[in-house]
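Enquirer: Give me a model of this one.
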Amino acid sequence: MKKLFIAEKPSVAQQFADALKVKGSRKDGYIEDDNYIVTWCVGHLVGMSYPDAYDEKLKKWSMDTIPFIPETYKYEVIPAVSKQFNVVKNLLNRDDVETIYVCTDSGREGEYIYRLVDMQAKVPASKDKRRVWIDSQTEEEILRGIREAKPISEYDNLSCSAYLRAKEDYLMGINFSRALTLKYSYPVKQYLGVDKCVIAVGRVMTCVLGMIVRREREIRDFSPTPFYRVMAKVGKKPEEADNTTLFTAEWKSAPGSIYYNSPKLYKENGFKERVDAEQLIEYCDNPVPVEMKIKSITKKTEKKNPPMLYNLAELQNDCSRLFKISPTETLNTVQELYEKKLVTYPRTDARVLSTAIAKEIDKNIRGLCNYDKVAPFAQNIINQGGYKGVAKSKYVNDKLITDHYAIIPTGQGLGQLGKLTSIQAKVYELIARRFLSIFYPPAEYQKVALVLERKTEEFNASFKLLMKPGYLVIADPNFGKKKAENDNDSSAENDNEENQEDKQQASTEEILEYISKLRKGSVLSCNGFEIKEGTTSPPKRYTSGSMILAMENAGQLIEDEELREQIKGSGIGTSATRDSIITKLVTNKYISLNKKTQLLTPTFLGEIIYDVVLYSINGLLRADLTASWEKGLTGVADGSISEKEYMSKLSDYVVKYTNAVKTVRNQNQMHLIFDKTKPYYTKGKKTK
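Expert: Numbers count the residues shown, from 1 in each chain. So this is what the prediction gives:
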């Protein structure tokens, strides 16, 4: 009797064959020897049938045939891959195959790919089916996964959620797209002057379109507001004054100020009108000499911990920002690194390690001692034993892991490094540096904050001095170069907003040395005041990377890393699908992606589709509602929500809103959708 291993793609199947030492020759669609058979899918082999497979009448789009909710769903072999399906089907049903090891990707979609094949091939339930769940494709991990493979029945809830996800996308896509196209495509075609227009909508796709359109309209409607800040040029003590400006201090309205809570303020540190800033300067500039007394001086040590490890969303965001590549390119790149055994499983939402992997994490670190980009750091961690306490750190937490832990280097496969493309090498280095940084101490800063008084007014300045670089020596690949150039273990910066633009007459070293001697009550000279004019800024457009983060956080673009870690709940889409959603919107010409900047903007068609949905099925545009569907699928996967309960709510939702579109009056909707007073409708083109 033989054991059959079925992987998701040929390259992965070869990894399993190598790990199992399968000696047989590669045949047409599989590899076999005396003990093992290894075969593969090529992605999906089976898909859901089109509606006309249920009834020929459904081939034609008609309001009379929707809402369409099948009682029993039909599936069929995808014609382009039918040959491989038949190979797999025959192998699964061979009498000499006793045990089937399911080795498709360890996640919801991988589970779905096999279950569809198993169902369509009618594999007997009597066969022993086991699920291999691995985090990397190293030989050691593959053999562990096979050794610890559980009965596939333990993944039935995950399979159920996968089927429901597909049914959800199917029902919403078919019913809502047909209803909206039948109702609104004619006026849209007339308006755009095109021959064809299908209004394609989806549970996640339309929500993301909504986020991009709303952001663009916020930018378009934004009116810059000028504001005026008052800065003091602070020098040395009066008895030492030599007209040198050590630093600038910024005025802020505080209790006791003549402008405290004044309606003239834009905010606490700026005026709405320049004349009011000028009047403040006139008030502070007399009498002479102008001197400022230190009301308070605060010195404290601030520690900055290494960031959490990469999950796919964080990696996609950083690669978009640093390398200007799309989320799809990032996923493809890290997938290739995974298949080369260089990194762990990429489609993960977790940013921590498991307790189990933490116990043997030194293996990963030791492997990196042979990677020249980070070898000194890896060796130092091994020598100092910096990895020994990681299990008790915030970087290890089993409760924050669902399917897989964070993306980290395996420490293996380093022979492949010379064969990597430029972008593959950059992404690998990024992952390796992030990984090693968690074994280094925090960066330590000395922060100094000054509050100076002039008459009734207060001026503030703050400085930050890097005392111990800690993990920064790893995280920033240019850190060593900067250090060598400066020949200084410390660096300092003025923390004041926009103060980095000021050209100080004194050097940074002189400023910090001088400040260290000051005390509360010390008096400093003032070399005058100046006004800095600024304007409010519109919201930033989404980049492909920041959109991935926003999707992960249920529609919120949370740029602060620590705050993101505190956000709980399901996002929009999954780590495995978010990049494809953006790609689909681009393909449908609903949005544009600037390849150089990775900025996302809606097309004119995309804005019209947004308005069509806004005045018909606006729930599709709500991030919280879209996230709730994903959360429901998670509930099915963990057993807290039943398949029947979820399917009932889904069917009710589809029926309700399909019928709502069918029964609405066209005239009222058209007036709302094609409101010519909107600035983005003019002669069928979006205004610049």
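Enquirer: How far does stretch 117-134 stretch from one end to the other?
Expert: 21 Å (CA to CA, to the nearest Å).
Enquirer: from the chain's centre, how far out does that stretch sit?
Expert: 34 Å (CA atoms, centre = their mean, to the nearest Å).
Enquirer: can you give me the mean pLDDT across it?
Expert: When pLDDT is averaged over stretch 117-134, the result is 97.
Enquirer: How about residues contacting it?
Expert: 5-6, 41, 45-46, 75-77, 85, 88-89, 92-93, 97-103, 106, 141-142, 144-146, 148-152, 154-155, 345, 403 (CB atoms under 8 Å, 6 or more residues apart in numbering). Heads up, the C-betas are built off the backbone N, CA and C, glycines and all.
Enquirer: Of those residues, which count as buried by neighbour count?
Expert: For these, a burial check counting by 16 or more other CB atoms under 10 Å picks out 5-6, 41, 45-46, 77, 85, 88-89, 92, 97, 100-103, 106, 141-142, 144-146, 149, 152, 155, 345, 403.
Enquirer: Out of those, list just those in strands.
Expert: With DSSP state E as the criterion, strands contain Phe5, Ile6, Val46, Val77, Val97, Ile100, Tyr101, Val102, Cys103 from among the buried ones among the contacts of stretch 117-134.
Enquirer: Same question for stretch 170-189: list its buried residues.
Expert: Applying 16+ other CB under 10 Å to stretch 170-189 flags 170-185, 187-188 as buried.
Enquirer: how about the CA coordinates for stretch 47-55, as PDB?
Expert: These are the backbone C-alpha positions of stretch 47-55, laid out as PDB (Å, rounded to 0.1, in the frame of the first residue of the first chain):
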ATOM      1  CA  GLY A  47     -14.700  25.900  -9.600                       C
ATOM      2  CA  MET A  48     -18.300  26.900  -9.000                       C
ATOM      3  CA  SER A  49     -20.600  26.500 -12.100                       C
ATOM      4  CA  TYR A  50     -22.000  29.500 -13.800                       C
ATOM      5  CA  PRO A  51     -25.800  30.100 -13.300                       C
ATOM      6  CA  ASP A  52     -26.800  28.700 -16.700                       C
ATOM      7  CA  ALA A  53     -25.500  25.300 -15.400                       C
ATOM      8  CA  TYR A  54     -28.600  25.400 -13.100                       C
ATOM      9  CA  ASP A  55     -31.000  26.700 -15.700                       C
END
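Enquirer: Find the pair from the ones in strands among the buried ones among the contacts of stretch 117-134 with maximum spatial separation.
Expert: Taking CB to CB as the measure, those span a maximum distance of 22.5 Å, between Val77 and Tyr101.
Enquirer: Which element is encountered next along the chain beyond the lowest-mean-pLDDT helix or strand in the chain?
Expert: For the chain, using mean pLDDT, DSSP states H and E, the weakest element among its helices and strands is strand 491-494, scoring a mean of 46. For strand 491-494, the following helix or strand on the C-terminal side (DSSP states H and E) is helix 508-515.
Enquirer: Return the set of buried residues in that following helix.
Expert: So for helix 508-515, counting by 16+ other CB under 10 Å, buried means Thr508, Ile511, Leu512, Tyr514, Ile515.
Enquirer: out of the residues you listed, which one sits closest to Glu273?
Expert: Checking the buried residues of helix 508-515 one by one against Glu273 (CB to CB), the nearest turns out to be Ile511, at 32.5 Å.
Enquirer: The closest one contacts Thr248, correct?
Expert: No - using CB atoms under 8 Å, Ile511 makes no contact with Thr248, being 10.8 Å away.
Enquirer: List the buried residues in stretch 35-42.
Expert: Quick answer for stretch 35-42 (16+ other CB under 10 Å): Tyr36, Ile37, Val38, Thr39, Trp40, Cys41, Val42.
Enquirer: need the contact list for Asp579.
Expert: Contacts of Asp579 (CB under 8 Å, 6+ apart): Gln316, Ser326, Pro327, Thr328, Thr330, Leu331, Ile548.
Enquirer: Output the contacting helices and strands for the helix or strand hosting the fourth one.
Expert: I take that to be Thr328. Element membership of Thr328 [criterion: DSSP H and E] is helix 327-339. Applying 3 or more CB pairs under 8 Å, 6 or more residues apart in numbering; DSSP states H and E, one finds that helix 327-339 contacts helix 10-19, helix 312-323, helix 422-437, helix 544-552, helix 578-587.
Enquirer: Identify the residues contacting it?
Expert: With CB under 8 Å, 6+ apart as the test, helix 327-339 has contacts from 11-12, 15, 136-137, 312, 315-316, 319-320, 325, 343-347, 407, 420, 423-424, 427-428, 431, 544-545, 547-548, 578-580, 582-583.
Enquirer: Follow the chain on from it and name the next helix or strand.
Expert: Heading C-terminal from helix 327-339 (DSSP H and E), you reach helix 355-359.
Enquirer: Name the residues that touch that next one?
Expert: Asp135, Val390, Ala391, Val396, Asp398, Tyr405.
Enquirer: Just the buried ones among those residues, please.
Expert: Buried, going by 16+ other CB under 10 Å: Asp135, Val390, Ala391, Val396, Tyr405, out of the contacts of helix 355-359.
Enquirer: is it possible to export those residues to a markdown table including distance to Leu599 and secondary structure?
Expert: Below are these laid out as a markdown table (distance: CB to CB, whole Å; DSSP: H, G, I helix; E, B strand; the rest coil):
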| residue | distance to Leu599 | secondary structure |
| --- | --- | --- |
| Asp135 | 34 | coil |
| Val390 | 38 | helix |
| Ala391 | 42 | helix |
| Val396 | 37 | strand |
| Tyr405 | 32 | coil |
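Enquirer: Tabulate the helices and strands packed on helix 327-339 (TSV), appending mean pLDDT.
Expert: Shown next, in TSV, are the helices and strands packed on helix 327-339 (pLDDT from 0 to 100):
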stretch	mean pLDDT
helix 10-19	94
helix 312-323	96
helix 422-437	98
helix 544-552	93
helix 578-587	95
